[in-house]
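just a sequence and a predicted model for now, questions to come.
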Amino acid sequence: MGRISEDAAENGLFIHEVPSSVEKEIIVNQLRNPLKRKRDENSEKSKERLREAFEKVLSKIKSPDDVEIIDRLLQPMIPTLEARNAKQTFASSSCSSSNAKSKFEPQRRFFCTKKTKKKLSLSLSKPTEGEQEAIAANLLLR
């Protein structure tokens with residue numbers, strides 16, 4: 001707190017000095033807050049417009065069918081809003097920067113992992129003696 005002079009005390013004027021670190025923080029917040037304040041004002045105006053629109057809709061309800069239609073339209077709204085809020089909290093809590101290269105595992109094996117096709121052997125082999133006799137007998141009978 002600042003010192004109070006005798007003249008200030010007599011006139012009812014007091015000077016309140018704020019430490020410089022707190023003063024800097026206040027100035028920074030004042031510079032940042034106009035945008036936030038504007039968004040808050042806009043959201044309040046939007047909420048008020050929505051409230052008026054809902055009141056208009058409620059005033060136009062005349063039958064149970066109307067209630068059913070409105071209920072059907074409102075049912076998906078709440079889970080959607082809850083999911084959006086959960087997404088925002090999840091995104092803010094799981095934000096961590098990581099190096100892109102660290103996401104990959106190093107190669108474990110240093111040999112080719114591609115399957116190799118076995119070549120078909122088309123070489124002809126000599127028929128055995130039994131096969132030779134069968135072929136000769138077959139040719140003679142024809």
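Received it, and whenever you're ready, just let me know what you need.

please count neighbours and contacts with C-alpha atoms only from this point.
Will do.

check which helix or strand covers Glu52.
According to DSSP states H and E, Glu52 maps onto helix 20-59.

do the same with Ala134
Short version, using DSSP H and E: Ala134 is in helix 129-141.

mind checking the pLDDT average for that helix?
The predicted model assigns helix 129-141 a mean pLDDT of 91.

quick one: buried residues of it?
By neighbour count with 16 or more other C-alpha atoms under 10 Å, helix 129-141 contains no buried residues.

likewise stretch 57-76?
By neighbour count with 16+ other C-alpha under 10 Å, stretch 57-76 contains no buried residues.

quick one: low-confidence parts of the chain?
For the chain, the stretches flagged by pLDDT under 70 are 1-20, 30, 32-38, 40, 88-101, 107.

mind giving me the domain split of the chain?
Following automatic domain parsing, the chain resolves into domains at 19-60, 62-92.

for Glu105, find the nearest of these.
Evaluated over the domains of the chain, closeness to Glu105 peaks at domain 62-92, with 25.3 Å, by C-alpha to C-alpha.
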